[in-house]
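Enquirer: with the sequence up front, the predicted model follows.
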Amino acid sequence: MNDLYKKDSALPPSHAKSGATISRATMSGALAVGRKQLLSAVALTASLALANPAYANYLWLEKDSAADAGNARFRVYSGELDKRDAAMPKIQMPQAIPAANAASLPLSVEGDHLRIDAVQAGQDLRFSAREVTGANTVVFYQARYGRLDTKAVNDLELVPTTPGGDTFRLMWKGEAVSATQVNVETSEGWRRVLRPAKDGSITMPTPFPGLYVLQVTAKVNGSVTIDGREYTDVRHVATLSFEVPR
């Protein structure tokens, strides 16, 4: 947040030269812009209460070993990595997209998972859906597979700071926020809770091969209206999964 304030309150290059005279009006204007951006960042953080539950249910993406015509195939599972649900929950508005503004890829239900076809090889993949879990509760699921793309597409998304890297930032609607904690599970049964560094980033060591699933949960301070009905308990559950090859 301090970096944001410094960046947005910086003076234009023409005023940054040695010996330049800065008027009181110019200084006041620059500080006003800085304060406005700082308050916006504070409001953004306040609107999202990052929770730290014990390994709650989530959705995640796994790469299927099958493929066709050079395209990859993926699966969406629910539950927890070491304890999958026997069937997918009654989710609404499911869509799978490789990038922002892309059309949703074909989805089909197969037993305990959703199948996603026609995923171009070498791309990250996103999946999103929502579920009404109570009279006043709605959960927005946002899953991502891959760590090549350094830009967020989902509302809540863990994004690598460098392509293929092990350090991530949590993004909320395109703005970086600091996660309270990130839960990690792997296909090898290894679990860990990650805490953010001072800059809000999360670093995930990958000491052995297998599937890694990083999960974070957040509760929105406010309500949403869906089909004319207001929900006052609004939660977002985001996962990032990737494979470390053997």
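Expert: Structure received.

Enquirer: low pLDDT regions in the chain?
Expert: Along the chain, segments meeting pLDDT under 70 span 1-56, 67-70.

Enquirer: now the helices for it?
Expert: 2-8, 24-46 (DSSP state H).

Enquirer: quick one: terminal-to-terminal distance for stretch 169-183?
Expert: Taking CA to CA, to the nearest Å, stretch 169-183 runs 14 Å from one end to the other.

Enquirer: no, scratch that, I was asking about stretch 143-155
Expert: 10 Å.

Enquirer: count the residues that sit near the closest residue to S223 other than its chain neighbours.
Expert: Leaving aside its sequence neighbours, S223 sits nearest to T232 (CB to CB, 6 or more residues apart in numbering; 4.6 Å). C-betas here are computed from N, CA, C, even on glycine. By the criterion of other CB atoms under 10 Å, T232 has 12 neighbours.

Enquirer: next: V182.
Expert: Neighbour number of V182 under other CB under 10 Å is 23.

Enquirer: could I get the contacting residues of the residue nearest the centre of the chain?
Expert: Per CA atoms, centre = their mean, the C-alpha nearest to the average position across the chain is that of E157, at 0.8 Å. If you count contacts by CB atoms under 8 Å, 6 or more residues apart in numbering, E157 has them with R126, Q142, R144, L170, M171, A238, L240.

Enquirer: switch the cut-off to 7 Å
Expert: Applying CB atoms under 7 Å, 6 or more residues apart in numbering to E157 gives the contacts Q142, R144, M171, A238.

Enquirer: could the residues you listed be laid out in TSV, adding distance to V224 and neighbour count?
Expert: Formatted as TSV, those follow (distance: CB to CB, whole Å; neighbours: other CB atoms under 10 Å):
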residue	distance to V224	neighbour count
Q142	15	24
R144	22	25
M171	19	19
A238	17	29
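
Enquirer: just the ones in strands from these, please.
Expert: Counted as lying in strands by DSSP state E, out of the contacts of E157, are Q142, R144, M171, A238.

Enquirer: and the contacts of E157, which is closest to A152?
Expert: A152 has its nearest neighbour among the contacts of E157 in M171, at 3.8 Å by CB to CB.

Enquirer: OK, contacts around that closest one?
Expert: Contacts of M171 by CB under 7 Å, 6+ apart are A152, E157, V159.

Enquirer: next one: D85
Expert: Applying CB under 7 Å, 6+ apart, the residues near D85 are S78, G79, D112.

Enquirer: and stretch 175-187, how far from the chain's centre?
Expert: Centroid separation for stretch 175-187 versus its chain: 9 Å, with CA atoms, centre = their mean, to the nearest Å.

Enquirer: count of neighbours near the closest residue to L125 other than its chain neighbours?
Expert: Among residues not flanking L125 along the chain, Y145 sits closest, at 4.7 Å (CB to CB, 6+ apart). Here the number of neighbours of Y145 (other CB under 10 Å) works out to 27.

Enquirer: surely Y145 meets T239?
Expert: No: counting by CB atoms under 7 Å, T239 is not a contact partner of Y145; they are 8.9 Å apart.
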